[in-house]
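Novice: Give me the fold of what follows.
(one chain, ligands or ions: 1)
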Amino acid sequence: MYDLAVKNGILYRNSRWEQNHIYIRDGIIAEISSREYDARTVVDGEGKKILPGIIDPHVHFALSVGNSRSADDFASGSAAGLYGGVTTYIDFLDPVGRGSQVEEAFKKRLEQARISHGDYSFHVTAANPIGETAPIVAEAHRLGVPSVKVFTAYSESGRRTFPRELEEFLTLSGERGTVILVHGEDEDHIITDSRFGPDDLSRSRPAISERDMVKQLCEMVDSRGGTLYMVHTTCGSSLACARERLGEKFGVNFFMESCPQYFFLTDERFKGDEGYKYVLAPPLRSQKESDKLKEGIDSLYSVGTDHCPFMQIEKKRSLLSRIPFGIGGIEYSFPLMYGLFGDRIIDKMTLNPARLFGLYPRKGVLEPGSEGDLFLFEEKADTIRGTGHSRCDYNVYEDFPVGGRVEKTLLRGKIVMDGNVLSEPEGRFLTREARQ
Ligand SMILES: [Zn+2]
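Specialist: Residues are numbered from 1 along each chain as shown. Below you'll find the predicted structure:
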């Protein structure tokens, strides 16, 4: 007797579709088979696609920026994720400059995340860690969160990590398998002016700042090795640049993530009365760069959302310096990206993040021995309606076309979303392995 069976669905396994039954016991996929067995709960998967739960490697829940706090906490953000098939996500610790501060930052986020509906982990965030790169990496591994994010910009708030420390991180990464995440904007190209409004965002943080930083990052990876993961890549030209410069090292030492907003929204959004709603960094780009990103999709390693929306009352300001940066989207990442790219996007949102961030084979695949995280997807042309399940009071993807609808979501073999989120928060912290 199994705890739960999903019968007759069309399963995504090894990059193919197969019709089969999934049997789950104690939260783990016990068997995938065409045989008939009894189960306490039977989910009818007839005509539905069954996919491994989406892993969003880049979210910010309950983020404080100045006097603002992002609209979603760990409960509402992770619940919105369940409506989009997201069963696992990785958030970030507050930035630290010293190894001795990592544990406190970790405990703080762990406490905040206790109300999560999905399973979760964290990336450590470094801020100008002079003389402290090795202690930070050591703590990241000790706490089971072996990935460290650095910013190459934001020196005004003390968050920038300079090239020497970034190179140290890469050397440590080569030794220990730490993944070094980089927010890559070359600060030399960033212009700030206290009079700038939303429609100045593109010239304030131009595309060249990303492309120039990519060139520098490629050189560092080429000389130091290690594992570098560039978060929220905005430009198709950045992707092409890294691929050309690194050759065989691209996809081995250097991985690139992008987000749905850079495919579906362009810098035109910053113009007009509602430009404030779209303010984020790095900013939306031209149609041309967005098109290039689509052309380069097969070189992209993964998709994260950078989910960090703020209520309109917080965003609606005329000066950029007073607007908290960030938008939402965790609920729509898969339906949107699947609508645009079809099957080509699935591994980038499941298997790939699981592999790089030490969650495979526990997460990211439908295979015996893996946890029973999956969702039933009804493939059909559809449109996004309303503000969705985030607490944010506007939705940048309203009226956008999607490739289908997430009908049910299961976390460790339990139905957690079936039209509505059904259970109390049951998300667990995931200890991750270092990259081998
Ligand atoms: Zn982010």
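Novice: could you point out where the protein is predicted with low confidence?
Specialist: In the prediction, the chain carries no residues with pLDDT under 70.
Novice: Please enumerate the helices of it.
Specialist: 74-83, 102-112, 133-142, 163-176, 201-204, 207-224, 236-246, 261-264, 287-295, 312-315, 333-341, 346-349, 351-356 (DSSP state H).
Novice: neighbouring contacts of the last one?
Specialist: Spelled out, that is helix 351-356. With Cβ atoms under 8 Å, 6 or more residues apart in numbering as the test, helix 351-356 has contacts from 52, 55-57, 90, 179, 227, 229, 255, 301-302, 304, 359-365, 435. In this view, the C-beta of every residue, glycine as well, is placed from N, C-alpha and C.
Novice: try 10 Å
Specialist: Helix 351-356 has contacts (Cβ atoms under 10 Å, 6 or more residues apart in numbering) with 12, 14-15, 52-58, 88-90, 147, 179, 227, 229, 255, 257, 300-304, 346-347, 359-365, 370, 432, 435-436.
Novice: what's around the nearest residue to Gly45 once chain neighbours are set aside, how many residues?
Specialist: Of all residues not flanking Gly45 in the chain, Gly9 sits nearest, at 2.6 Å (Cβ to Cβ, 6 or more residues apart in numbering). Gly9: 25 surrounding residues under other Cβ atoms under 10 Å.
Novice: can you offset everything so residue one is 507?
Specialist: I'll keep to 507 as the first residue from here, and by that count the last item is Gly515.
Novice: re earlier: and the contacts of helix 857-862, which of them are in strands?
Specialist: 518, 558, 560-562, 594-596, 653, 685, 733, 735, 761, 763, 808-809 (DSSP state E).
Novice: Now flag whichever of those is closest to Ala568.
Specialist: Tyr595 (12.7 Å; Cβ to Cβ).
Novice: Enumerate every residue touching Arg751.
Specialist: Arg751 touches Val720, Lys721, Leu723, Cys724, Glu725, Val727, Asp728, Phe760, counting by Cβ under 10 Å, 6+ apart.
Novice: Kindly report the same for Asp578.
Specialist: 565-569, 584-587, 813-816, 834, 836, 895-898.
Novice: How about Asn520?
Specialist: Asn520 neighbours (Cβ under 10 Å, 6+ apart): Asp853, Leu857, Val871, Leu872, Glu873.
Novice: Please verify my assumption that Asp773 contacts Tyr784.
Specialist: Yes - when contacts are counted by Cβ atoms under 10 Å, Asp773 is listed as touching Tyr784 (8.8 Å).
Novice: which neighbours do the two share?
Specialist: With Cβ under 10 Å, 6+ apart, Asp773 and Tyr784 have common neighbours Leu707, Leu790.
Novice: Can you give me the distance of the nearest residue to Ser540 once chain neighbours are set aside to Pro874?
Specialist: Nearest residue to Ser540 in three dimensions, chain neighbours excluded: Asn526, at 5.9 Å (Cβ to Cβ, 6+ apart). According to Cβ to Cβ, to the nearest Å, Asn526 stands 12 Å off from Pro874.
Novice: quick one: which of the two has more around it?
Specialist: Asn526 (20 against 13).
Novice: Contacts only, for that one.
Specialist: Applying Cβ under 10 Å, 6+ apart, we find Asn526 in contact with 512-517, 519, 537-541, 551, 556, 872.
Novice: How many residues are close by Trp525?
Specialist: Just so we're on the same page, residue 525 is Gln rather than Trp. So Gln525, with other Cβ under 10 Å, has 13 neighbours.
Novice: Oh, that last question was meant for Glu750, not what I typed.
Specialist: Number of residues near Glu750 (other Cβ under 10 Å) recorded here: 10.
Novice: so how far does stretch 859-872 reach from one end to the other?
Specialist: End-to-end distance for stretch 859-872: 15 Å, by Cα to Cα, to the nearest Å.
Novice: List the buried residues in it.
Specialist: 859-866, 868-872 (16 or more other Cβ atoms under 10 Å).
Novice: any chance of those residues in CSV, plus distance to Gly690?
Specialist: What follows is the buried residues of stretch 859-872, written out as CSV (distance: Cβ to Cβ, whole Å):
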residue, distance to Gly690
Pro859, 18
Ala860, 23
Arg861, 22
Leu862, 17
Phe863, 18
Gly864, 22
Leu865, 24
Tyr866, 25
Arg868, 29
Lys869, 26
Gly870, 25
Val871, 29
Leu872, 33
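Novice: Among those residues, pick out the one closest to Gly703, please.
Specialist: Out of those, the member with the shortest distance to Gly703 (by Cβ to Cβ) is Pro859, at 35.5 Å.
Novice: and the gap between the closest one and His527?
Specialist: Pro859 is 27 Å from His527, by Cβ to Cβ.
Novice: Report the buried members of the ones in strands among the contacts of helix 857-862.
Specialist: Buried members of the ones in strands among the contacts of helix 857-862, counted by 16+ other Cβ under 10 Å: 518, 558, 560-562, 594-596, 653, 685, 733, 735, 761, 763, 808-809.
Novice: Please name the residues that touch Phe628.
Specialist: Here Phe628 is in contact with 595-599, 611-612, 615-616, 619, 646, 649-651, 653, 655, 935-936, 938 (Cβ under 10 Å, 6+ apart).
Novice: same thing but 8 Å
Specialist: Neighbouring residues of Phe628 by Cβ under 8 Å, 6+ apart: Ile596, Asp597, Phe598, Leu599, Phe612, Arg615, Leu616, Val651.
Novice: For those residues, which single residue is the most surrounded?
Specialist: Busiest of the contacts of Phe628 [other Cβ under 10 Å] is Val651, holding 27 neighbours.
Novice: Nearest residue to it in space, please, no chain neighbours.
Specialist: The nearest residue in space to Val651 (Cβ to Cβ, 6+ apart) is Phe628, at 5.0 Å.
Novice: for Lys800, same thing?
Specialist: Phe769 (6.2 Å).
Novice: Considering the contacts of Phe628, which is situated nearest to Met843?
Specialist: Distances from Met843 to these, taken by Cβ to Cβ, are shortest for Ile596, at 17.8 Å.
Novice: Just to check, the closest one is in contact with His629?
Specialist: Yes - between Ile596 and His629 there is a contact under Cβ atoms under 8 Å: 5.9 Å.
Novice: Name the residues contacting each of the two.
Specialist: Ser653.
Novice: Tell me how far Arg648 lies from Thr631.
Specialist: Distance from Arg648 to Thr631, by Cβ to Cβ: 16 Å.
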